[in-house]
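Here is the input, now give the coordinates:
(one chain, ligands or ions: 1)
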Amino acid sequence: MTDNFTMPFAGGTIDHVETQRSPAELQAFVAKPQARCVIFHKGAPALRESGGLHRIHPSELIGRNLIDPGPIFLGLEGETPLFAASLQNPEDVTHQDNFKDLRSATRFLSPEEMALAGRAKSLLDWHFNHRFCAKCGQVSQPEAGGIKRKCPSCETEHFPRVNPVVIMLILSGDKVLLGRGAGWPEGAMSALAGFISPGESMEEAVARETFEEVGIRIKNPRYIFSQPWPWPSQLMMGVACEAESKELTINKDELEDAKWFTRDEVQAVYNKTGEAFLRLPRFTIAHHLLRHWLET
Ligand SMILES: [Zn+2]
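Residues are numbered from 1 along each chain as shown. Now for the predicted structure:
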C-alpha cells in the first residue's frame with residue numbers, strides 16, 4: 001500500500017466545526033457569500049457537467065421543497081462553509097440527468113469530494129430514517145446544523161449512527177476465499193463480510209461470520225485498514241485471518257457460492273490478463289484488501 005493512498009470515502013478535508021453550531025453561528029455561515037451547498041436527490045449527488053460536485057449558494061434553496069431535515073452544515077472547507085440538502089424535485093436546481101448514483105459518481109469525483117459526498121449522504125439518510133424519537137415516538141428535530149437530533153418531548157438527544165462491519169481476507173497458504181451473494185452479476189465475487197453483534201469484539205465477529213457463512217474456523221485475525229461506506233453508514237473494518245481448514249460448508253441463506261482463488265488467479269484479474277472473477281470496483285475496500293494481499 002503506497003503512502004499517498006487514500007481509502008475511497010475516507011480522507012475528508014473539511015473541519016466539522018462541532019463547537020460553532022449555535023443558531024447565530026450557523027446563520028452567519030449560511031449568509032457568507034462563499035457558502036456552498038451540495039445537492040442530493042434520493043441519495044444521488046448532483047454533479048457538474050465538467051465533473052465534480054454541483055455546488056450552489058444556500059440562498060438558492062429558498063422556496064424549494066427540501067426533504068427533512070433541510071440543509072445540514074457539513075463544516076468548513078478552508079473558509080468555505082459547506083452545506084448539504086436533499087431536494088424533493090431535482091429539476092429545481094439542475095437537470096435530473098446530472099444526479100448520479102454515488103457508485104457511478106465516484107468516477108467523476110476527487111478523493112476529497114468522494115469523502116464529502118459520502119459523509120453528506122450518510123447524514124442525510126440518517127435524518128430521513130430517524131425522524132421519530134426512539135424513546136417516546138415524538139417527531140424529533142435536527143439540532144446544531146444536523147449533527148444530532150433532539151426530542152422536544154422527552155429531550156433525548158440522538159446522534160448519527162455508524163454500523164461496524166468486518167470484511168475478511170480469509171487466507172490459506174497462497175489462496176484467498178471469496179464469495180458471492182444471490183443476484184450478484186455473473187462472475188462477481190468479493191470478500192466475506194458481516195455486521196458486528198452487540199457484545200462481540202471485531203476478532204470474534206470475524207470468527208463467527210466465517211463459521212456461519214462457510215463452516216470453517218479461523219485463527220490469527222489481524223486488522224489491516226478500514227473504510228467509511230455510505231450505504232447507508234457502515235464502517236468496514238478489513239481483517240486478515242488464516243483458515244484452519246479448507247473444506248467449505250456454504251450457508252445458502254447467506255451466500256450463493258464461495259471459492260478459493262490462488263494468488264496467481266487474483267493477480268491475473270488485477271493485471272486484466274485473467275477472468276477468474278470480476279475485478280472489484282476501486283471504490284470498494286474489498287478491491288484494496290485484495291491488492292494489499294497481492295503486495296505483501
Ligand atoms: Zn422523546
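
How about residue 164: which residues does it bridge to?
Residues in a beta bridge with residue 164, per DSSP bridges, are residue 235.

Equivalent analysis for the one 4 residues further on, please.
Here residue 168 sits in beta bridges with residue 192, residue 239, going by DSSP bridges.

Could you show which parts of the stretch 151-296 of the chain are in contact with the ion?
Applying CB under 5 Å from the ion, we find that the stretch 151-296 of the chain lies next to the ion at 151, 153-154, 156. C-beta coordinates here come from the backbone N, C-alpha and C atoms, glycine included.

so which pair among these is furthest apart in space?
153 and 156 (8.7 Å; CB to CB).

Quick check: neighbours shared by these two?
133, 136 (CB atoms under 8 Å, 6 or more residues apart in numbering).

how is this protein carved up into domains?
What automatic domain parsing lists as the domains of the chain is 23-158, 163-295.

any weak-confidence spans in the stretch 151-296 of the chain?
Nowhere does the stretch 151-296 of the chain drop to pLDDT under 70.

quick revisit: any chance of JSON lines for the domains of the chain, columns distance to residue 6 and mean neighbour count?
Shown next, in JSON lines, are the domains of the chain (distance: least, CB to CB, whole Å; neighbours: other CB atoms under 10 Å):
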{"stretch": "domain 23-158", "distance to residue 6": "5", "mean neighbour count": "17"}
{"stretch": "domain 163-295", "distance to residue 6": "10", "mean neighbour count": "17"}
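
closest one to residue 14 among those?
domain 23-158 (4.1 Å).

Show me the strands in the stretch 51-200 of the chain, by range?
Here the stretch 51-200 of the chain has its strands, by DSSP state E, counting those that start in this stretch, at 55-56, 72-77, 80-86, 141-143, 148-150, 157-158, 163-172, 175-180, 192-195.

Out of these, which gets nearest to residue 45?
Once those are compared by CB to CB, strand 80-86 is nearest, at 8.7 Å.

ok, that closest one: who's next to it in the sheet?
Strand 80-86 is paired, per DSSP bridges, with strand 36-41 (parallel), strand 72-77 (antiparallel).

can I get those in a markdown table with distance to the ion and mean pLDDT?
Putting these into a markdown table (distance: least, CB to the ion, whole Å; pLDDT from 0 to 100) gives the following:
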| stretch | distance to the ion | mean pLDDT |
| --- | --- | --- |
| strand 36-41 | 27 | 98 |
| strand 72-77 | 21 | 97 |
